[in-house]
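Novice: My questions concern the predicted model and sequence given below.
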Amino acid sequence: MVPVDPDIASVAALIADNSRALILKTLCDGRPSTGSALAAEAGIGASTASAHLAKLVDARLVTVVRAGRTRRYRLARPEVAAALEALAALAAPLPVRSLRQSTRVAALRRSRTCYDHLAGDLGVRLMRALLDRGHLTGGDGLHHPDRAVLDRESAPGTDIHYELTPSGATALTALGVQIPTTRRPLVRYCVDWTERRHHLAGALGAAITTRLHTLDWIRHGSTPRVIHLTPAGRVHLPDCLGVTLD
C-alpha cells in the first residue's frame, strides 16, 4: 500500500471543540471515567456528552471499558495524551476567573498525571533526579525552543533519545519497579506544558508511576489528573531516587 499523509485536520477538528477538549483533558487522568462524570467535568448535559464521546470513540481517540452494565471511557492510547500535552505547551493559558480554578491550576502544575506517567513539577523533578544520578542518559531534561529541529513541542518524545542505563535498571529494580519488556517504547519524554521541561513518559515512566502508587508515595486527588505527594513520598523520594522537594 502506498503511504498517504495522515488526516490531521479531522483529528484537530475533534479536539477543537471545547467540550470534547475538556473530556479529553479529564481522561488524561489515565483512569476510566463514566459518561456522567465526564459530562460534569465538561459542564454539559449527559446526552450531549454521549454524542461527543461517540465521535471520540469513532475516531479511536477514546475507547470504551465495560464492567457489567457500566460503560467507562479512557484514552485509546498514550499518544493521545502526548498530543494534548504538546498542544497545551503551544496554547495560551486560559484566564483564571475564580479561587477554585486558581487552586486547581496550582495543583495541576504541582503534580499531575499525563495519561499513565507523572507530569508537572514533580514529574520534571523526577526526570532531573534520574539524569543527575546517571539512571538516564541522552539529554539534559531541559526544553530548548531555540533548537526547534531537535526539541519540538509538536513532536514530544522522539527528537531527543533518552536511554535507561545499567545502573538505572539496577536502582529501579531494587525499588521494585518492573522494567517493561513490551512493544511500547521504554523511554520517551513529553515537553511539560506548565514547566517547559521534560518529564519521563514511555513504558518506563508508566512503570515508575505505578510503583510509586503501590508504595503509597503518591495518591490520586479528588480532582481528575491531580496527584498528591504523601508524607512517605516526601521522605523516600529524595532518599531513594534523589528527587529534590521544596
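Specialist: Looks like it came in fine. Numbering: from 1, shown residues only.

Novice: contacting residues around Arg66?
Specialist: By Cβ atoms under 8 Å, 6 or more residues apart in numbering, the residues touching Arg66 are Arg72. C-betas here are computed from N, CA, C, even on glycine.

Novice: again with Arg77
Specialist: No contacts exist for Arg77 under Cβ under 8 Å, 6+ apart.

Novice: residues near Asp17, how many?
Specialist: Asp17: 14 surrounding residues under other Cβ atoms under 10 Å.

Novice: same question, the one 3 residues further on
Specialist: Using other Cβ under 10 Å, Arg20 has 23 neighbouring residues.

Novice: Repeat that for Ala89.
Specialist: 19.

Novice: Double-check it against Arg197; I have them as touching.
Specialist: No. Taking contacts as Cβ atoms under 8 Å, Ala89 lies outside contact range of Arg197: 10.6 Å.

Novice: Can you check which residues contact both of the two?
Specialist: Val191.

Novice: how many other residues sit next to Val64?
Specialist: 14.

Novice: which residues touch the most centrally placed residue in the chain?
Specialist: By Cα atoms, centre = their mean, the chain has its centre lying nearest to Cys114, at 1.0 Å. Cys114 sits next to 28, 81-82, 85, 123, 190, 199, 201 when contact means Cβ under 8 Å, 6+ apart.

Novice: Got phi/psi on it?
Specialist: The phi and psi values for Cys114, taken as degrees, to the nearest 10, are phi -120, psi 90.

Novice: if I look at it, how far off is Pro166?
Specialist: Per Cβ to Cβ, to the nearest Å, Cys114 is found 27 Å from Pro166.

Novice: got it, and Val187?
Specialist: Taking Cβ to Cβ, one finds Val187 at 14 Å from Pro166.

Novice: Same check on Thr34?
Specialist: Separation of Thr34 from Pro166 (Cβ to Cβ): 44 Å.

Novice: Between these two, which has more neighbouring residues?
Specialist: Each of Thr34 and Pro166 has its neighbours counted (other Cβ under 10 Å); Thr34 has more, 14 against 9.

Novice: Now do the contacts for the more buried one.
Specialist: 70-73.

Novice: Kindly report the same for Ser102.
Specialist: Going by Cβ under 8 Å, 6+ apart, Ser102 touches Val96.

Novice: distance between whichever strand or helix holds it and the chain's centre?
Specialist: Using DSSP states H and E, Ser102 sits within helix 99-110. The gap between where helix 99-110 is centred and where its chain is centred comes out at 17 Å by Cα atoms, centre = their mean, to the nearest Å.

Novice: Send me it as PDB with only the CA atoms.
Specialist: In PDB, the C-alpha atoms belonging to helix 99-110 read as follows (Å, rounded to 0.1, in the frame of the first residue of the first chain):
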ATOM      1  CA  LEU A  99     -10.400  30.900  43.500                       C
ATOM      2  CA  ARG A 100     -11.400  27.400  42.800                       C
ATOM      3  CA  GLN A 101     -10.000  27.500  39.300                       C
ATOM      4  CA  SER A 102      -6.800  29.100  40.700                       C
ATOM      5  CA  THR A 103      -6.400  26.300  43.200                       C
ATOM      6  CA  ARG A 104      -7.000  23.600  40.600                       C
ATOM      7  CA  VAL A 105      -4.400  25.100  38.200                       C
ATOM      8  CA  ALA A 106      -1.900  25.300  41.000                       C
ATOM      9  CA  ALA A 107      -2.500  21.600  41.900                       C
ATOM     10  CA  LEU A 108      -2.100  20.500  38.300                       C
ATOM     11  CA  ARG A 109       1.100  22.500  37.900                       C
ATOM     12  CA  ARG A 110       2.500  20.900  41.100                       C
END
